[in-house]
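Q: Give me coordinates for this.
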Amino acid sequence: MMTQEEMNILVPEKLREIEKEYGITVLWAVESGSRAWGFASPDSDFDVRFIYKRTALEYLKLNPDRDVIELPIDDTWDVSGWDLDKTLKLLQKSNPTLFEWIQSPIIYVSTDFKKRIENLMNECFSEEKMLYHYLNTARHNVKDFLSGETVHPKKYFYALRPILACMWVRRYHSAPPVLFDDLYHSVLPNELKKSVDYLLDLKINGPEKMEIAPIKEIDEFLHAQITAVNQYLANVHDIHGARWNHLNRFFYNEITNVQ
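A: Numbering: from 1, shown residues only. Below you'll find the model as predicted:
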């Protein structure tokens with residue numbers, strides 16, 4: 001398995017190859033998933049995600065190219081990217097995954113694209129959509145992976161992180177941070193930290209497929225928070241201010257290099 005330091009060199013080289021092969025420009029490239037969240041296992045793979053743009057003429061084709069680029073997944077990495085037009089359409093919907101990409105602490109290709117798009121991200125942020133996304137993620141993981149006689153430690157984090165993200169959104173009314181550590185220190189109740197520390201040690205130092213007995217206090221916390229977020233959402237009906245004319249102007253400026 002490659003180290004992060006090795007990937008910091010290898011990924012930009014691979015992205016330059018992709019730029020030449022597909023005739024694109026990479027605007028932003030980061031690590032996503034457990035490594036970006038800060039609780040990767042020793043054998044976790046790398047989830048490389050990037051945003052790119054094509055030339056202005058390419059967007060005028062009657063037979064447009066796919067708006068994603070996906071490389072075959074291997075034992076080392078999973079590499080995929082979104083075209084700028086797809087990115088902006090997802091931003092209009094306050095897509096939480098896009099917000100995580102832009103805020104990832106592990107950056108492979110950095111341009112001032114992040115600075116240019118920040119105002120649009122603030123405009124497009126929807127508390128309601130964020131909460132529904134993270135709530136459904138947590139609920140799915142609790143139901144499918146945390147109901148047996150034994151569970152994988154990593155599955156707890158795939159439920160805990162989105163629940164803590166919901167708590168952040170409710171408390172601060174903004175997009176949650178990517179790093180689990182930031183959520184841990186900001187919103188996790190103190191009485192759960194000992195149990196979560198135990199899980200973190202297993203997750204970071206143990207194999208991916210390790211199994212343990214369920215942890216009662218964390219299970220109770222997850223179920224209680226799922227109920228609380230459901231009740232909160234019953235009274236939240238925000239109207240985010242994503243205006244298509246702002247998104248269209250941003251798109252035009254990006255593909256014509258007007259800043």
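
Q: The residue lying closest to residue 53 once chain neighbours are set aside: how many residues sit nearby?
A: Spatial nearest neighbour of residue 53, excluding adjacent residues (CB to CB, 6 or more residues apart in numbering): residue 84 at 4.2 Å. In this view, the C-beta of every residue, glycine as well, is placed from N, C-alpha and C. By the criterion of other CB atoms under 10 Å, residue 84 has 22 neighbours.

Q: cool, and residue 165?
A: Counted with other CB under 10 Å, residue 165 comes out at 26.

Q: Report the contact partners of it.
A: Going by CB atoms under 8 Å, 6 or more residues apart in numbering, residue 165 touches 96, 130, 134, 176, 183.

Q: try 10 Å
A: By CB atoms under 10 Å, 6 or more residues apart in numbering, residue 165 lies in contact with 96, 100, 130-131, 133-135, 137-138, 175-178, 180, 183, 187.

Q: hang on, the earlier thing: just the pLDDT at the residue nearest to residue 53, thanks.
A: Turning to residue 84, the model gives it a pLDDT of 98.

Q: what do you get for residue 73?
A: Looking at residue 73, its pLDDT is 85.

Q: hang on, it in a strand?
A: No. Under DSSP: H, G, I helix; E, B strand; the rest coil, residue 73 sits outside any strand and is assigned coil.

Q: State the helix or strand in which residue 149 lies.
A: For residue 149, there is no helix or strand it lies in under DSSP states H and E.

Q: Measure how far whichever strand or helix holds residue 143 is from the centre of its chain, please.
A: Here residue 143, judged by DSSP H and E, is contained in helix 127-145. How far helix 127-145 lies from its chain's middle: 13 Å, per CA atoms, centre = their mean, to the nearest Å.

Q: And that helix, what does it pack against?
A: Applying 3 or more CB pairs under 10 Å, 6 or more residues apart in numbering; DSSP states H and E, we find helix 127-145 packed against helix 96-103, helix 153-172, helix 216-233.

Q: Which strands or helices does the helix or strand of the chain with the lowest mean pLDDT pack on?
A: Ranking every helix and strand in the chain by mean pLDDT, DSSP states H and E puts helix 193-205 at the bottom, with a mean of 92. Applying 3+ CB pairs under 10 Å, 6+ apart, one finds that helix 193-205 contacts helix 153-172, helix 180-187, helix 216-233.
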